[in-house]
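Based on what follows, work out the 3D shape:
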Amino acid sequence: MFESLSDRFDGIFKRLRGKGRLGEAEVDEVLREIRLALLEADVNFKVVRDLVARIRERTVGTELSGALNPAQQVIDIVHQELIETLGGETIRITYESKPPTVVLMAGLQGSGKTTSAAKLARWFKQQGRNPLLVGADLQRPAAVQQLRTLADQIDVPVFSADDDIVAGGAGDPVSVARDSLAEATRLGRDVVILDTAGRLAIDEELMAQVRQVSEVTSPRYTFLVVDAMTGQDAVTVAEHFHETLALDGVILTKLDGDARGGAALSVKEVVGKPIAFASTGEKLGDFDLFHPDRLAGRILGMGDVLTLIDKAKEAFDEEEAEEAATRMLEGQFTFEDFLEQMQQVKKMGSLNKLMKMMPGIPKEMKDLQIEDSQIARVEGIVHSMTIGERAKPELIDGSRRARIARGSGTDPGEVAQLIKQFLEMRRMMKGFGGAGTKKLKGKGGKGGKAGGGRTTPKGPAKVPKVDLSLPGLPGF
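Presented below is the predicted three-dimensional model:
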């Protein structure tokens with residue numbers, strides 16, 4: 001979503017890097033470009049005005065740090081002010097001392113409210129909670145069915161009106177919301193997530209209904225679900241809902257879209273409430289707490305390593321990953337291990353998204369479209385190997401390569417290239433780990449006498465650059 005804005009900032013900062021100092025004229029030129037970049041990204045003009053004023057106040061007349069050049073100094077100031085504009089800190093979710101904790105979801109029809117309710121339920125499950133989803137959107141009969149379908153995928157119960165009432169559109173959402181609290185207590189559910197009705201536009205009936213639902217359930221959190229693709233309209237919608245409900249935060253959906261991103265940068269300062277969660281894809285797992293510092297870093301081309309780490313922790317089995325790393329450093333890594341690692345990486349999301357989180361990745365690499373089919377070709381080649389061939393790829397000769405190629409729908413050249421790159425990677429990693437693992441033997445490492453824990457060699461090691469690319473697939 002923020003690629004255009006990120007490109008603009010990158011161009012601005014590149015021009016700064018050659019300057020030895022920044023005078024007032026240079027600062028004004030930079031701020032003029034930043035202002036234009038933000039306005040083109042559909043950021044609210046008042047937010048742009050205040051943000052630029054804060055940056056100017058901190059930049060003009062400030063002594064440059066001895067450790068930073070002018071470009072780095074300005075980047076640091078812009079980064080800090082973007083974080084502040086986006087909310088400053090990540091929201092901390094707390095719970096009622098006497099369950100259930102009620103969360104009310106409000107928003108216009110089509111904003112992704114029902115899907116976000118299910119995503120939020122999944123998130124609460126990951127925190128060790130037992131959520132109950134409540135289908136209080138009885139205006140649109142398909143909404144309750146959609147909620148149940150999504151809930152089945154995450155094994156969360158749904159409470160709503162009887163099916164015949166829902167189908168007839170004659171249910172009372174206020175009664176459903178009120179009764180859901182007793183149902184949550186009966187089932188031992190400590191979080192209740194209310195999916196309320198939406199409209200194509202704000203009207204009195206919608207506001208009256210959602211206000212009544214709020215009054216009978218006394219939610220701890222009221223979240224407005226906003227489609228980030230709607231730009232400035234999203235901010236206007238947030239203002240109207242906040243006047244009625246006293247929002248606690250905003251959930252931004254479709255942050256993976258190609259809109260300009262102005263809503264994300266405007267909503268906190270205009271409404272005064274933070275972005276609580278962000279949805280970055282269609283899968284139920286593409287949802288998490290909103291981190292202002294991480295998004296600010298991505299906008300400025302700094303990557304998002306912390307989110308990458310979070311995704312890795314969720315996708316990878318720590319013990320299996322540690323064992324695989326040990327085998328790799330000892331030169332025992334097999335195609336079977338490689339296949340398992342690829343499958344776990346796929347759980348983290350698309351490679352395109354992951355690459356955009358990595359700092360220092362060239363724009364050309366970030367813009368590459370890596371299709372799932374390309375990864376499937378690599379998996380197909382490995383699946384077409386025998387168990388023995390996966391363990392000892394050195395055994396694969398010309399006739400075996402031909403057989404593997406036929407089985408995977410590829411050609412022998414692709415098979416040969418994959419095997420060559422795999423063996424080169426294994427040789428490289430064995431050389432990288434050899435010296436360190438010898439030291440570990442007597443220092444509590446594997447086979448040592450000082451305890452059973454594993455350690456790793458200290459200090460960064462220089463790893464030779466090896467081309468691990470496949471046709472159409474940049475690296476493993």
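
secondary structure element for residue 135?
Here residue 135 sits within strand 131-136, counting by DSSP states H and E.

Which elements pack onto that strand?
Packing partners of strand 131-136 (3 or more C-beta pairs under 8 Å, 6 or more residues apart in numbering; DSSP states H and E): helix 113-126, helix 141-154, strand 158-159, helix 173-187, strand 191-196. C-beta coordinates here come from the backbone N, C-alpha and C atoms, glycine included.

Quick one: residues in contact with that strand.
For strand 131-136, contacts defined as C-beta atoms under 8 Å, 6 or more residues apart in numbering pick out 100, 117-118, 120-121, 124-125, 143-144, 147-148, 151, 156-161, 166, 173, 176-177, 180, 183-184, 187, 189-197, 213.

Now do the contacts for residue 175.
Residue 175 touches nothing, counting by C-beta under 8 Å, 6+ apart.

Quick check: it vs residue 188, distance?
Noted for residue 175: a distance of 22 Å to residue 188, by C-beta to C-beta, to the nearest Å.

before we move on, back to that, among the contacts of strand 131-136, which ones are buried?
100, 117-118, 120-121, 124, 143-144, 147-148, 151, 156-161, 166, 173, 176-177, 180, 183-184, 189-197, 213 (16 or more other C-beta atoms under 10 Å).

Can you tell me the SS state at the residue lying closest to residue 199 once chain neighbours are set aside?
Nearest residue to residue 199 in three dimensions, chain neighbours excluded: residue 206, at 4.4 Å (C-beta to C-beta, 6 or more residues apart in numbering). Taking DSSP: H, G, I helix; E, B strand; the rest coil as the rule, one finds residue 206 in the helix state.

is it true that residue 206 touches residue 213?
No. Between residue 206 and residue 213 there is no contact under C-beta atoms under 8 Å: 11.0 Å.

ok so, going back, nearest to residue 416, out of the helices and strands packed on strand 131-136?
helix 141-154 (41.0 Å; C-beta to C-beta).

Quick one: list the elements packing against that closest one.
Helix 141-154 packs on helix 113-126, strand 131-136, strand 158-159, helix 163-168, going by 3+ C-beta pairs under 8 Å, 6+ apart.

between these, which one is nearest to residue 398?
Ranking the helices and strands packed on helix 141-154 by proximity to residue 398 (C-beta to C-beta) places helix 113-126 first, at 49.1 Å.

ok, how many other residues are close to residue 241?
Residue 241 has 24 neighbours, counted by other C-beta atoms under 10 Å.

Go through the helices and strands packed on strand 131-136 and name the closest to residue 281.
Counting by C-beta to C-beta, residue 281 lies closest to helix 113-126 out of those; the figure is 9.9 Å.

just checking, what packs against that closest one?
Where contact means 3+ C-beta pairs under 8 Å, 6+ apart, helix 113-126 is packed against strand 101-106, strand 131-136, helix 141-154, strand 191-196, strand 221-227, strand 249-253, strand 275-279, strand 287-289.

Okay then, goodbye and thanks.
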